[in-house]
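> below are the sequence and a predicted model for it; my questions follow.
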Amino acid sequence: TALPHLLTALDKARPGIAVTWSGSGHGHVGLPAGLAPGDVAAVLGSLRDVLAGHNGRAIVRYTPQEARGAIDFWGPVPALALMRRVKDQFDPDHRLSPGRFVGGI
């Protein structure tokens, strides 16, 4: 049910965005090459706003290097405190993949 709202929001944010979606509710959004980091962040914000209204979320799988500092790859994560406690318990020295998971875990 979110797809029509998602497509409308993406078209308003940036015309020409490519979207593929599966019946399972998973999708991919392709942004045009050469977008400024601020534009990438704006499109991602619009996408997450629409999906949040449908209990969905957007995780960035890849992005140009220059946009990486402008976006949060994981978005809002409700169980972040629990994840940090689990990481602290099983990897107290934070040696395993430091900073690569949600929230810098």
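Arrived safely.

> which residues touch the closest residue in space to Gly16 that isn't next to it in sequence?
Leaving out its chain neighbours, the residue that sits closest to Gly16 by Cβ to Cβ, 6 or more residues apart in numbering is Pro32, at 5.6 Å. The C-beta positions use only the backbone N, C-alpha and C, and glycine is treated the same way. Residues near Pro32 by Cβ atoms under 8 Å, 6 or more residues apart in numbering: Arg14, Gly16, Ile17.

> now Pro32, what's its secondary structure?
When classified by DSSP: H, G, I helix; E, B strand; the rest coil, Pro32 comes out as coil.

> sort out which of the contacts of Pro32 are buried, if you could.
Neighbour counting by 16 or more other Cβ atoms under 10 Å classes Arg14, Ile17 among the contacts of Pro32 as buried.

> how about the residue nearest the centre of the chain, what does it touch?
Of all residues in the chain, the one closest to the mean position by Cα atoms, centre = their mean is Ile59, 2.8 Å from it. By Cβ under 8 Å, 6+ apart, Ile59 lies in contact with Phe73, Trp74, Gly75.

> let me know the closest of those residues to Gln89.
Trp74 (20.8 Å; Cβ to Cβ).

> okay, the contacts of Pro32 in a markdown table with distance to Thr1 and pLDDT next?
A markdown table is the format used below for the contacts of Pro32 (distance: Cβ to Cβ, whole Å; pLDDT from 0 to 100):
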| residue | distance to Thr1 | pLDDT |
| --- | --- | --- |
| Arg14 | 23 | 73 |
| Gly16 | 24 | 70 |
| Ile17 | 20 | 75 |
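
> could you dump the contacts of Pro32 to CSV with secondary structure?
CSV is the format used below for these (three-state DSSP):
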residue, secondary structure
Arg14, coil
Gly16, coil
Ile17, coil
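
> by contact count, what packs against the lengthiest helix in the chain?
When the chain is parsed with DSSP state H, its longest helix is helix 37-52. If contacts are counted by 3 or more Cβ pairs under 8 Å, 6 or more residues apart in numbering; DSSP states H and E, helix 37-52 sits against helix 3-13.
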